[in-house]
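Student: Give me a model of this one.
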Amino acid sequence: MRQPVLLACATIFALFAALWTPAGSIAHAQTISNIAYAEWDEGGERVRRPSNQVDLEVEPIGGAPPEIGLFQFGPGDGGGGVQIVLNGTNCVATPPFVSPPLGETFIGQPIAPATVSGASAIRPGEPLVFMVEFDGANRNPDAAETYEIIIETEQDDRERIRLVETGADTGVFTGFIYTVAVPPEATPENCELSVVPGSQLRIAASGENGVREFRELVVDVLESFGSTVFDSETGDPVNGARVTLVDADTGQPVQLFGNDGFSDFPSTVVTGQSVTDGRGLSYDPGPGDFFFAVVPPGRYRLIVEPPDPYTGISQAEPRELAAFVDSRGNPYDIVQGSYGDAFVIGGPSSIEIDIPLDQPTAPLSVEKAASRQLAQPGDPVLFSIRVSSTDQTRPTRPITIRDTLPSQLRLRPDSLRLDGAEIATGVEITPDGREFSVRVPPLAAGAAATLTYITEVLPQARAGDAINSARAEDDRGQVSDTVDAAVRIERETIASRMTIIGRITEGGCGVDPRTATGVPGVRVMMEDGSYSVTDEDGRYHFEAVTPGLHVVQIDESTLPLDRAAVDCARNTRSAGRAFSRFVEGRGGGLYRADFRVRAVEPREAPESASAPVARPEPLSDIAAAGGERDWLDGEEPGIAWLFPAADHNPRARVIRVAIKHAPGQTVRLSLNGEPVASVAFEGLRTNAAGTVSVSQWRGIGIEPRASGAGAIAAYRRRRVPSADRRAADRPRRPPRPSWADRRLLRSLALFSGCRG
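Tutor: Model (predicted):
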């Protein structure tokens, strides 16, 4: 019966082989059934008999498969964190490497328990904490056991960590390993996990028997260099700045460490220059970058020594710097420490604080001009302020022009123009209207901007110099020189003006003018173009006339068709013309110039008078001055004088000019042979098609015209002795209407319905 026994033993051995599984492999609960067989020869036949069936329930060792997690020291972004027990450093190193303790930068880090948070991203030099939950490795419920894992990375690094159970019968095993940047190349089993900044760390972990039991783990590795010193105006990185990290309380430089957390690292670095730590590892920052590898917890400040020509840390608001990005294409980190303020680091980490620097802005050049040097109450005065950059290499900062008006002038806010365009925003005016400011966008290198506006001389303005002051300043405190423009204010009293009155009467020379009937509705004019219309009694008058010699005459076209003027006096005052009189007087005087008319053969009525013409609707002052027109609207290519028309009658002693020309052409405008002041140039506009351009001027002062000068000179020659004619023939500057004159002219124009 030996053979059957041997067969049964072989079968039992197979049963034990089926029950055995490698330690640490993942098993599942199952039932193993076994039946033994015996065979022998009996009566020449082979006999085989089975035994009874034996069922064996097999449970997997440790229950559920291991779960692994990655953590780092310190609470997460939301605070809090998880507390776990770390019983020392647990790296298994191959000689001659020695497993490093938790020290230097992390020497004060508590480990029993330690506060950790999930490691989604780490920096080189930062410990990486592992936590494995695995009941299968918890074999002795009365003691804290160990569990070894093997870590492999894509950088060909392989490290062994012996995790320690956090306590008896917990089934939770923890440990950590230091990380170090690549380069240098990874060295397996040296208790330093090599990582590549700017990439992802991919980890495959295995259990004690070398069989891979855990899923692949991925964590981002942050760049070593995350801080930049940059130009606050351009956003460009700045090399050569010395940056020192100091204790905020003592002001002394701080002891720092390299990426491994142990090697010495300098507390002063220079942007854009390489740094070598105590281990000999070199750090090569990009343009404008600086780097403090591992900084212990504490309260710090950054001291910056800027290179020439920079003056120091900028005071620009973060919103002004938001559009700039660093050399990696990321927005700059403008935080509390960016402006030299103290900041707090709660755990060992790197500096991520970008610092803006200011360059000294080039002086601003400011020029100011006025459209006239003499003015009277009611006169408009056009001012221009030209601000320009003196730096031909870089743009300016935003500029504010501040203007202070004298008490004699009042600003017309609707007249403010910047380079000829209306200003929609950025204008501030004080309640009393004496001061205003205009925000000007940054100017390109070497460029300029021109601000123009109109003021009006107040009726109560005192005589004397009205000095208008202005200055420009940028948002970094660079202030220009203050520039002035003076206007001489002249006031005329009633004693300095004369009045001319008169009457037009019927009946010719044979009727006493005191009892004669007056002729209404006749226009009476002076040599400067001003006029009056006789009332129902034939009376007219001119107030506030400049002292001197003047011409007063009837507009014969306004006489009745059957009436004509007659000269009854026949003296030099009429110069042989019945409808004209010379009037000469002094200030404060009242002077009279009467006219007489007689009946004549009726004249033919003008064709235009055959049918009554409706009186046109009077234009507004703005429309009459050409201020409500789009000069490009409907214009065809060519050269033309658009405004004013030949028959234009301005309502004030200033005028607008618009000239059409081809794009690329330059128009030069002169008045009485003299170039028009540049302050009056409003700008050039070109249509969308690029076929028509229009140059515009506004606020051009009009001096009184010497109309009637020839007749006045002839009159003087007849009444002045020959010895004095030379002096009499000398040209005299014609008088200029005052504010009162214009008030009178406007009133008369309204009365007659003639408003130009």
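
Student: burial measure for residue 154, as a count.
Tutor: Residues lying near residue 154 (other C-beta atoms under 10 Å) number 13. For glycine as for every other residue, the C-beta is placed from the backbone atoms N, C-alpha and C.

Student: May I have the residues that are in contact with it?
Tutor: Residues counted as contacts of residue 154 (C-beta atoms under 8 Å, 6 or more residues apart in numbering) are residue 202.

Student: Swap in 10 Å and give it another go.
Tutor: Contacts for residue 154 (C-beta atoms under 10 Å, 6 or more residues apart in numbering) come out as 186, 196, 199-204.

Student: what do you get for residue 430?
Tutor: Contacts for residue 430 were tallied using C-beta under 10 Å, 6+ apart; they are 404-405, 436-437.

Student: now, which of those residues sits nearest residue 341?
Tutor: Residue 341 lies nearest to residue 437 out of the contacts of residue 430, by C-beta to C-beta, at 30.5 Å.

Student: Look at residue 445 and report its pLDDT.
Tutor: Residue 445 is assigned a pLDDT of 87 by the prediction.

Student: was I right about it contacting residue 234?
Tutor: No - using C-beta atoms under 10 Å as the test, residue 445 is too far from residue 234 to be in contact (11.3 Å).

Student: tell me, what's touching these two both at once?
Tutor: Shared contacts of residue 445 and residue 234 (C-beta under 10 Å, 6+ apart): 394-395.

Student: Give me the subset of the contacts of residue 154 lying in strands.
Tutor: Where the contacts of residue 154 overlap with strands, as defined by DSSP state E, the overlap consists of 200-204.

Student: Make a ChimeraX selection of whichever of those turn out to be buried.
Tutor: For selection in ChimeraX, the members of the ones in strands among the contacts of residue 154 meeting the burial criterion (16 or more other C-beta atoms under 10 Å) are listed in this command:
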select :201,203
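
Student: how about JSON lines for the ones in strands among the contacts of residue 154, with distance to residue 48 added?
Tutor: Below are the ones in strands among the contacts of residue 154 laid out as JSON lines (distance: C-beta to C-beta, whole Å):
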{"residue": "200", "distance to residue 48": "63"}
{"residue": "201", "distance to residue 48": "62"}
{"residue": "202", "distance to residue 48": "57"}
{"residue": "203", "distance to residue 48": "56"}
{"residue": "204", "distance to residue 48": "51"}
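
Student: Now flag whichever of the ones in strands among the contacts of residue 154 is closest to residue 113.
Tutor: Using C-beta to C-beta, residue 203 is the member of the ones in strands among the contacts of residue 154 that sits closest to residue 113, with 23.9 Å.

Student: Can you classify the closest residue to residue 343 other than its chain neighbours by secondary structure?
Tutor: Counting by C-beta to C-beta, 6 or more residues apart in numbering, residue 343 lies nearest to residue 337, which is 3.8 Å off, once chain neighbours are set aside. Reducing the assignment to helix, strand or coil with DSSP: H, G, I helix; E, B strand; the rest coil, the entry for residue 337 is helix.

Student: before we move on, back to that, report the buried members of the contacts of residue 430.
Tutor: Among the contacts of residue 430, those classed as buried by 16+ other C-beta under 10 Å are 405, 436-437.

Student: Just those: which are in helices?
Tutor: Under the assignment DSSP state H, the buried ones among the contacts of residue 430 contribute nothing to helices.

Student: thinking again about what came up before, which two of the ones in strands among the contacts of residue 154 lie the greatest distance from each other?
Tutor: Checking the ones in strands among the contacts of residue 154 against each other with C-beta to C-beta, the farthest-apart pair comes out as 200 and 204, at 13.2 Å.

Student: Quickly run through the sheet partners of the helix or strand where residue 194 lies, with directions.
Tutor: Element membership of residue 194, judged by DSSP states H and E, is strand 192-195. Here the strand partners of strand 192-195, with direction, are listed using DSSP bridges: strand 172-181 (parallel).

Student: burial measure for residue 690, as a count.
Tutor: Here the count is done by other C-beta under 10 Å, and residue 690 has 9 residues near it.

Student: Residue 341 too?
Tutor: The number of residues packed near residue 341 is 12, by other C-beta under 10 Å.

Student: OK, contacts around it?
Tutor: If you count contacts by C-beta under 10 Å, 6+ apart, residue 341 has them with 248, 301-302, 313, 335.

Student: Which of those residues fall within helices?
Tutor: Among the contacts of residue 341, DSSP H puts none in helices.

Student: Name the nearest residue to residue 55, ignoring sequence neighbours.
Tutor: Leaving aside its sequence neighbours, residue 55 sits nearest to residue 33 (C-beta to C-beta, 6+ apart; 5.0 Å).

Student: Correct me if wrong, but that neighbour is in a helix.
Tutor: No - counting by three-state DSSP, residue 33 falls outside a helix, being strand.

Student: wait, isn't it in contact with residue 51?
Tutor: No - contact status for residue 33 versus residue 51: not in contact, 11.9 Å apart, counting by C-beta under 10 Å.

Student: So for these two, which sits in the more crowded spot?
Tutor: Neighbours around residue 33 and residue 51, counted as other C-beta under 10 Å, are more numerous at residue 51. The numbers are 12 against 8.

Student: any idea how far that one is from residue 45?
Tutor: When C-beta to C-beta, to the nearest Å is the yardstick, residue 51 and residue 45 sit 20 Å from each other.

Student: what about residue 516, how many neighbours?
Tutor: 19.

Student: Phi first, then psi, for it.
Tutor: With angles defined as degrees, to the nearest 10, residue 516 sits at phi -70, psi 160.
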